[in-house]
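Engineer: Sequence below, structure please.
(one chain, ligands or ions: 1)
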Amino acid sequence: MFQLKWLWQNLKGDRVRYVLALLFSVVGSSLTIVNPYIGQLIVDTFITGADAAQKLTDERALLIGLCLGMIGFSLLRTGLAYFTTLMYERASQNMLYRIRIFLYNKIQGQDMHYYDHNRTGDLMTKMTGDLDMVRHTMSWIFKTIIESLTVFVAAVAYFFYIDAALTWWMLLLSPPIFIVTFLFARRVRPMYTDLRERLSQLNTMTQENIAGNRVVKAFAREEYEVEKFNEKNINFAKANKAAAMVWLDYFPYLETLAQGFTVILMIAGGLFVMDGRITFGEFSAFSALIWGLSNPMRNIGIIINDIQRFFASLSKIVEVYYAHPKIVNEHKGDAKRRYTGRIQFDQVSFKYDNAMVLENISFSVEPGETIAIMGATGSGKTTLINLIPRFYDVAKGRVLVDGTDVRELELDELRGNIGVATQDVLLFSDTIDGNIAFGNPEMPEDEVVKFAELAAAHNFIRKMPEGYNTIVGERGVGLSGGQKQRIALARAMAVQPPILILDDTTSAVDLETEEHIQQSLRELDYSCTKIIIAQRVSTTAQADRILILDNGRVIEEGTHAELLTKRGYYYEVFMLQNEGIGRQATANGQK
Ligand SMILES: Nc1ncnc2c1ncn2[C@@H]1O[C@H](COP(=O)(O)OP(=O)(O)OP(=O)(O)O)[C@@H](O)[C@H]1O
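Structural biologist: Numbers count the residues shown, from 1 in each chain. Modelled structure (predicted):
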């Protein structure tokens, strides 16, 4: 069975401990028949035997020994149970720790395509609730199954030893119990798969709402979101109740059958005692061990429910466990080269799932050049730059860096040579210093300050209560849009990459600050090819070349002056923006 094989494989390192725990469970559970046996001896010898009264005085030492034996075995079983539980816990916690690290590495190693298709809330559920279900299975479900089975088998064996006929009478109840159990398991399984899906939806919704709470507040949509959450919450609760209700449908039958053991014992056992076929002591042993048959029946519902939950959770974990990114690191060698920064797009086409987003794009950038990319929203600018660090692979054509197809370059080396400031700025909940030095945590303080100055961030950082040690909130909460952009820019520049990609990085800063940043970029003290996506002519004007994208195609290419003479898209943008500046100047003049 795949699930068991998977668990065994991941138990590596704790297999001996776990198998020992299972063995101790078997030993501990088998010992449950000892006390009923002693009880049987006591009853037959000292209570109901022909010369019981005589023996009570003559063999008092034996009676005391048997009673002490009972206490001793109880203590032994308790001690064994204590250490066995410890071993289960250790083995399952260690296993959980290893799988969690493995899954975390797996998720970290996934490509952008994976993140496009997997919801954060779902991944979080897999990393928390689903993993804990696996631990619970190892430390509780399997333990309970083994212990119940052992007690059942030991009790039945002991019963056969006392009287086979009476045991067969009791076992008459087994077939109906198995049929009811089978029907229950079959009905409840799809319910738990569905329940797991609903839990994931609930978590996704919670995660998105917490992350996006500012947008919710800005649109005053709290009530609507609470309603939406309620709906998912009710859905989840309903599915939970439905699964629990199924158990209630079967519970009366199983409980009645479990009670049936006692009834059969009373009737058949009573008759057998009256016939003198079994002694009172033997009857009392049956009676003391009857729970060994009925308890597993009572546990069956809980075990089946948990096993179905485990199957649903494991199938989700396995999705991550065996997910293979299409874009992988080959780990060809340790030595990382520094590139010169030449970039070529050779007849590149790209599509996300179906629709073409880039078509037949060709251009090249020489080391140290600055190229600006402009175009309407959705024209494919971000997609284009995402192909350079190989966040996605091309559908047709080639992207070359330093003359080599990026698909043949070592991924770590390639990405280590590229500094990116993305459009959607994401800062970590860390100090500003930590955020800027993210690419190189060893970076000395004065270097951090130097790059902050280049990104026009030093002045506002200096004024913050704790300067560079100020902790920025999750995703950079507490900073303005422009401030976040400048920290992201400093972070990208700080790795001193030979290729720097800036995706609309100065869109939220004022023109004066932008001019400072432009100058810093021109005067960087390391050789660097720059690709800058921008909507402002003030940003693109000084680039060595400007590419205009429209609907995934390059429709114009040239310098600022060349494109102005073409009187195309760029010219229109230029005129529109200049007109705006002109209008602003007039308005200011009229004041
Ligand atoms: N992860 C994705 N999966 C599917 N389609 C996507 C994805 N990212 C972008 N697209 C689509 O690809 C097209 C180009 O998007 P892209 O983000 O490259 O445009 P852009 O020019 O950078 O836009 P903007 O200026 O608004 O940032 C759009 O139609 C967009 O809907």
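Engineer: ok, L183 - contacts?
Structural biologist: Y250 (CB atoms under 8 Å, 6 or more residues apart in numbering). C-beta here means a position set from N, CA and C on the backbone, and glycine is covered the same way.
Engineer: phi, psi of it?
Structural biologist: phi -60, psi -40 (degrees, to the nearest 10).
Engineer: going forward can the numbers begin at 884, since that is how I track them
Structural biologist: In the new numbering, first residue 884, that becomes L1066.
Engineer: what about it, distance to G962?
Structural biologist: 40 Å (CB to CB, to the nearest Å).
Engineer: residue closest to the middle of this structure?
Structural biologist: Most central in the chain under CA atoms, centre = their mean is M1010, positioned 2.9 Å from the mean C-alpha point.
Engineer: pLDDT on stretch 1459-1471, on average?
Structural biologist: Stretch 1459-1471 comes out with an average pLDDT of 55.
Engineer: measure the residue nearest to A1335 when sequence neighbours are not counted to the ligand for me?
Structural biologist: Distance criterion CB to CB, 6 or more residues apart in numbering; nearest residue to A1335, sequence neighbours excluded, is H1341 at 4.3 Å. To the ligand, H1341 is 28 Å away according to CB to the nearest ligand atom, to the nearest Å.
Engineer: now L906
Structural biologist: Using CB to the nearest ligand atom, we find L906 at a distance of 52 Å from the ligand.
Engineer: Could you do N1113 as well?
Structural biologist: N1113 is 30 Å from the ligand, by CB to the nearest ligand atom.
Engineer: Doesn't that residue belong to a strand?
Structural biologist: No: under the criterion used here (DSSP: H, G, I helix; E, B strand; the rest coil), N1113 is helix, not part of a strand.
Engineer: Please identify the helix or strand for the residue of the stretch 984-1133 of the chain found nearest the ligand.
Structural biologist: Closest residue of the stretch 984-1133 of the chain to the ligand, CB to the nearest ligand atom: D999 (4.4 Å). Secondary structure from DSSP states H and E places D999 in helix 995-1000.
Engineer: And the next helix or strand past that helix?
Structural biologist: helix 1003-1008.
Engineer: Contacts for that next one, please.
Structural biologist: 990, 1082-1091, 1094, 1199, 1203.
Engineer: could the residues you listed go into TSV alongside neighbour count and pLDDT?
Structural biologist: Below are the contacts of helix 1003-1008 laid out as TSV (neighbours: other CB atoms under 10 Å; pLDDT from 0 to 100):
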residue	neighbour count	pLDDT
I990	16	91
L1082	22	84
S1083	21	82
Q1084	16	84
L1085	18	85
N1086	22	83
T1087	18	83
M1088	18	83
T1089	15	84
Q1090	17	80
E1091	16	80
A1094	13	76
K1199	23	90
V1203	21	91
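Engineer: Now for A1320: which residues touch it?
Structural biologist: By CB under 8 Å, 6+ apart, the residues touching A1320 are 1326, 1330-1331, 1374, 1377.
Engineer: Out of those residues, flag the one nearest to F1163.
Structural biologist: Checking the contacts of A1320 against F1163 with CB to CB, the nearest one is R1374 at 83.8 Å.
Engineer: average pLDDT for whatever helix or strand that closest one lives in?
Structural biologist: Assigning secondary structure by DSSP H and E places R1374 in helix 1364-1377. Helix 1364-1377 carries an average pLDDT of 88.
Engineer: Could you list the alpha-carbon positions for the helix or strand following that helix in PDB?
Structural biologist: As assigned by DSSP H and E, the chain's next helix or strand after helix 1364-1377 is strand 1382-1386. What follows is strand 1382-1386, C-alpha atoms only, in PDB (Å, rounded to 0.1, in the frame of the first residue of the first chain):
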ATOM      1  CA  ILE A1382      22.400  42.800 -14.600                       C
ATOM      2  CA  LEU A1383      19.900  45.000 -12.800                       C
ATOM      3  CA  ILE A1384      16.200  44.800 -13.600                       C
ATOM      4  CA  LEU A1385      13.900  47.500 -12.300                       C
ATOM      5  CA  ASP A1386      10.200  46.900 -12.900                       C
END
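Engineer: Not counting strand 1382-1386 itself, show me its contacts.
Structural biologist: 1222, 1224, 1226, 1264-1265, 1268, 1271-1272, 1284, 1300-1306, 1372, 1375-1376, 1404, 1411-1417.
Engineer: try stretch 1082-1092
Structural biologist: With CB under 8 Å, 6+ apart as the criterion, stretch 1082-1092 contacts 1002-1005, 1007-1008, 1012, 1099, 1108, 1111-1112, 1115-1116, 1118-1119, 1199.
Engineer: if we go to 7 Å?
Structural biologist: Here stretch 1082-1092 makes contact (CB atoms under 7 Å, 6 or more residues apart in numbering) with 1002-1005, 1007-1008, 1012, 1099, 1108, 1111-1112, 1115-1116, 1119.
Engineer: what would these look like in a markdown table with neighbour count?
Structural biologist: Converted to a markdown table, the contacts of stretch 1082-1092 look like this (neighbours: other CB atoms under 10 Å):
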| residue | neighbour count |
| --- | --- |
| R1002 | 16 |
| T1003 | 13 |
| G1004 | 20 |
| D1005 | 20 |
| M1007 | 16 |
| T1008 | 23 |
| G1012 | 16 |
| V1099 | 17 |
| E1108 | 18 |
| K1111 | 13 |
| F1112 | 14 |
| K1115 | 17 |
| N1116 | 15 |
| F1119 | 18 |
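Engineer: List the beta-bridge partners for the one residue in the stretch 1084-1233 of the chain that gets nearest to the ligand.
Structural biologist: Of all residues in the stretch 1084-1233 of the chain, F1233 sits closest to the ligand, at 9.0 Å by CB to the nearest ligand atom. With DSSP bridges as the criterion, F1233 is bridged to L1241.
Engineer: Quick check: it touching E1242?
Structural biologist: No: counting by CB atoms under 7 Å, F1233 stays clear of E1242, with 8.3 Å between them.
Engineer: what about those two, which has more around it?
Structural biologist: With neighbours defined as other CB atoms under 10 Å, F1233 and E1242 compare such that F1233 has more, 22 against 18.
Engineer: so which strand or helix has I1438?
Structural biologist: Per DSSP H and E: I1438 is located in strand 1436-1441.
Engineer: Flag the shaky bits of this protein, pLDDT-wise.
Structural biologist: Scanning the chain with the threshold set as pLDDT under 70 gives 1214-1218, 1356-1360, 1462-1474.
Engineer: Around the ligand, which positions in it sit nearby?
Structural biologist: By the rule CB under 6 Å from any ligand atom, the part of the chain lying against the ligand is 999, 1235, 1240, 1258, 1260-1266, 1306.
Engineer: Could you rerun that using 8 Å?
Structural biologist: Taking CB under 8 Å from any ligand atom as the test, the list of the chain residues beside the ligand reads 995, 999, 1235-1236, 1238, 1240, 1258-1267, 1269, 1306, 1386-1387, 1416, 1418, 1432, 1435.
Engineer: just the buried members of these?
Structural biologist: Buried by 16 or more other CB atoms under 10 Å: 995, 1240, 1258, 1262-1267, 1269, 1386-1387, 1416, 1418, 1432, 1435, out of the residues of the chain next to the ligand.
Engineer: that older thread, can you tell me how far the residue of the stretch 984-1133 of the chain closest to the ligand is from G1143?
Structural biologist: As judged by CB to CB, D999 and G1143 stand 57 Å apart.
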